[in-house]
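Peer 1: one predicted model, sequence on top.
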Amino acid sequence: MSTEKAEAIVIRQADFSESSRVVTFFSKEFGKFSALAKGAKRLKGPFDAALDLLSTCRIVFIRKSSGTLSILTQASLESRFSPVSGSLNSLYGGYYVADLLCSLTEDEDADPEIYDLAYAALKELSDPEADSAASIIQFEIGLLRRAGLFPNLSECSVCGQSVTSEKKYAHWVSQGGLLCSDCRRQEYSGKSISAGAVAILKRMSGEGSQLSERIRLTKDQSVECHRLAVSVITNVLGRKPGTLRYLNF
Ligand SMILES: [Zn+2]
């Protein structure tokens, strides 16, 4: 048991009692963890508005051994998620980021790069000038890459040949990658993905690819890149993420 400090994003909340909540954070220092926030439901509670969903805050907590809830002792708001007015993709994109952090990361598996990706995605989703679809895709790709789940986009999953010269690839996600046109068979029923979308996915997933480096996507490319990311995520989770149906691509 020790007292720790962290910078964290609120990714889930659940009622615990009349006055208390269990809050799940994704923190820069400790990854994902849940903490009991006593009094958090009271109007003039000890944590004010710092614990709103998707808020970024600085927290102090008593860290318990694994398997038991930590206890939140302080939380101060750093920034609030403020979705673009009238944009459902901005609002639900934020919920989707929280959903993926909840479901695709392990407890207490710190990865500051994932934290930075999430922080940047929420910031972009609050920006009326930004392309919300591109922000969502960049987050999906970055998270899959950091989690070691990003598919191999260079070689055919069956024959291992380089697929760089193909114009259309079939995406065969259960085997974690692409199929060349020779290996594509009806029974694999992979959807096609264009060479242009594969090139964008490679750029977005490259080591050191910067979120600030805005990649412009056509509508079709957005649809293709998002579809590939979603098929990988769905395959890993065994279900579609719950918030996915509210996103419009
Ligand atoms: Zn092949």
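Peer 2: Looks like it arrived, so ask away. Residues are numbered from 1 along each chain as shown.
Peer 1: per-domain residue ranges of this structure.
Peer 2: Domain assignment for the chain by automatic domain parsing gives 2-79, 84-249.
Peer 1: to the ion, which of those domains lies closest?
Peer 2: domain 84-249 (3.1 Å; CB to the ion). Bear in mind the C-beta positions are built from the backbone N, C-alpha and C, glycine included.
Peer 1: pLDDT on the closest one, on average?
Peer 2: Averaging pLDDT along domain 84-249 gives 86.
Peer 1: starting at the chain centroid, how far to the helix or strand where residue 57 lies?
Peer 2: Per DSSP states H and E, residue 57 falls inside strand 56-63. Relative to its chain's centre, strand 56-63 lies at 21 Å (CA atoms, centre = their mean, to the nearest Å).
Peer 1: could you list the buried residues of it?
Peer 2: Of the residues in strand 56-63, 56, 57, 59, 61, 63 count as buried by neighbour count, 16 or more other CB atoms under 10 Å.
Peer 1: for stretch 234-243, same thing?
Peer 2: So for stretch 234-243, counting by 16+ other CB under 10 Å, buried means 241, 243.
Peer 1: strand partners of the strand holding residue 57, parallel vs antiparallel please.
Peer 2: strand 2-15 (antiparallel), strand 70-79 (antiparallel) (DSSP bridges).
Peer 1: which stretches of the chain form helices?
Peer 2: 88-104, 112-125, 132-146, 195-205, 219-237 (DSSP state H).
Peer 1: in a markdown table: the ones you listed, plus distance to the ion.
Peer 2: What follows is the helices of the chain, written out as a markdown table (distance: least, CB to the ion, whole Å):
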| stretch | distance to the ion |
| --- | --- |
| helix 88-104 | 29 |
| helix 112-125 | 32 |
| helix 132-146 | 23 |
| helix 195-205 | 15 |
| helix 219-237 | 18 |
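Peer 1: quick one: residues in contact with stretch 56-69.
Peer 2: Residues outside stretch 56-69 that contact it (CB atoms under 8 Å, 6 or more residues apart in numbering): 1-10, 22, 25, 27, 30, 34-36, 50-51, 70-81, 107-108, 119, 122.
Peer 1: same deal with stretch 38-45?
Peer 2: 15, 18, 19, 20, 21, 23, 46, 47, 51, 71, 72.
Peer 1: start and end of it, how far apart?
Peer 2: 9 Å (CA to CA, to the nearest Å).
Peer 1: tell me which residues in it are buried?
Peer 2: Quick answer for stretch 38-45 (16+ other CB under 10 Å): 38, 40, 41, 45.
Peer 1: got it, and stretch 29-37?
Peer 2: For stretch 29-37, by 16+ other CB under 10 Å, it's 30, 31, 32, 33, 34, 35, 36, 37.
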